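need a structure here:
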Amino acid sequence: MSGHSKWNNIKRKKEASDAAKGAVFTKIAKEIAIAVKAGGPDPDGNSRLKVVIAKAKAANMPNDNINRAIKKAAEAGEGDDYEEITYEGYGPAGIAVMVRALTNNRNRTAADVRHIFDKNGGNLGVSGSVGFLFEEKGSIIVSREDYPDEDAVMTDALEAGAADFNGDEECYEITTAPSDYYAVCEALQDKGYVFAASSLGPVALTTNDVTDPEAVAQLEKMLDMMEENEDIQEVFHNWNN
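Reported below is the predicted structural model:
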């Protein structure tokens, strides 16, 4: 499974630079705005918003900030000017990369994404250039340390409607059909689960190792720069790091 790779990505994000940490709340506020626009401000009736709130709390976003973002979105139509765009390209060592952005300025974001690829030995491609290497899925990562009973986690996940379940020495990866993602997240949250990470987006069909130290350094720098960019919400790749 790709859980080991995902777990390393999670740890890398937790150790990210201050600039990346400073962008996290802005990114989550955008997701809150989009969720409120899609389903209203009440998380009890809006599974998408409930999932984003859980993500905000996992990132230590204060409740006041969360409530303020919800109120702002509900009252001012926040989120109406955001556009979701997916960019595709190749990073160093031919690693396929898909970038999900929420932006109110398409030209600015496209220029930023292109610059990050170019600066780190990659290149931005056209739509569809790497998409065939990924499959749209929901992905939920749970720490084995927090939930050591694998059989219990697997039973809860499958009962919640998950499509698949895999575990390794550090974490479990619960995957869902895209249409089931929010419902599965909500069902597991209602059982008390706190996720190490969760996302709805492209999952690599296969992953590739990179052994060249220079390419590894370039990939890490590229991903850090993407994390620090406030328009870039999530990055998906097929690097088995």
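
from here on, contacts and neighbour counts on C-alpha atoms
Noted.

now do the SS call for Val97.
Three-state call for Val97 (DSSP: H, G, I helix; E, B strand; the rest coil): strand.

that one pairs with what?
When assigned by DSSP bridges, Val97 has beta-bridge partners Gly89, His237.

gap between it and Pro202?
10 Å (C-alpha to C-alpha, to the nearest Å).

more neighbours: the two, which one.
Val97 (28 against 23; other C-alpha atoms under 10 Å).

quick check: the more buried one touching Met226?
No. Judged on C-alpha atoms under 8 Å, Val97 makes no contact with Met226 at a distance of 11.1 Å.

who touches both of the two?
Val235 (C-alpha atoms under 8 Å, 6 or more residues apart in numbering).

so what secondary structure elements neighbour the longest helix along the chain?
The longest helix of the chain (DSSP state H) is helix 18-39. Counting contacts by 3 or more C-alpha pairs under 8 Å, 6 or more residues apart in numbering; DSSP states H and E, helix 18-39 is packed against helix 47-58, helix 63-76, helix 213-228.

out of the ones you listed, which gets nearest to Pro178?
helix 47-58 (12.2 Å; C-alpha to C-alpha).

and the longest helix of the chain, what's buried?
20-21, 23-25, 27-37 (16 or more other C-alpha atoms under 10 Å).

now stretch 105-114
Arg106, Thr109, Ala110, Asp112, Val113, Arg114.

stretch 163-183 too?
163, 165, 167, 171-177, 180-183.

same thing with stretch 194-208?
In stretch 194-208, the ones that count as buried by 16+ other C-alpha under 10 Å are Val194, Phe195, Ala196, Ala197, Ser198, Ser199, Leu200, Gly201, Pro202, Val203, Ala204, Thr207.

make a markdown table out of those residues and add secondary structure.
Putting the buried residues of stretch 194-208 into a markdown table (three-state DSSP) gives the following:
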| residue | secondary structure |
| --- | --- |
| Val194 | coil |
| Phe195 | coil |
| Ala196 | coil |
| Ala197 | strand |
| Ser198 | strand |
| Ser199 | strand |
| Leu200 | strand |
| Gly201 | strand |
| Pro202 | strand |
| Val203 | strand |
| Ala204 | strand |
| Thr207 | coil |
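
surely Ile95 touches Phe236?
No. Under the criterion of C-alpha under 8 Å, Ile95 makes no contact with Phe236, lying 10.4 Å away.

so how far is Pro41 from the nearest residue to Glu88 once chain neighbours are set aside?
Leaving out its chain neighbours, the residue that sits closest to Glu88 by C-alpha to C-alpha, 6 or more residues apart in numbering is Met98, at 4.6 Å. Met98 sits 30 Å away from Pro41 when distances are taken as C-alpha to C-alpha.

of the two, which one has the most company?
In this view Met98 and Pro41 are compared by other C-alpha under 10 Å, and Met98 has more residues nearby, 26 against 23.

please name the residues that touch the more buried one.
Thr86, Tyr87, Glu88, Gly89, Val130, Gly131, Pro202, Val235, Phe236, His237 are the contacts of Met98 under C-alpha under 8 Å, 6+ apart.
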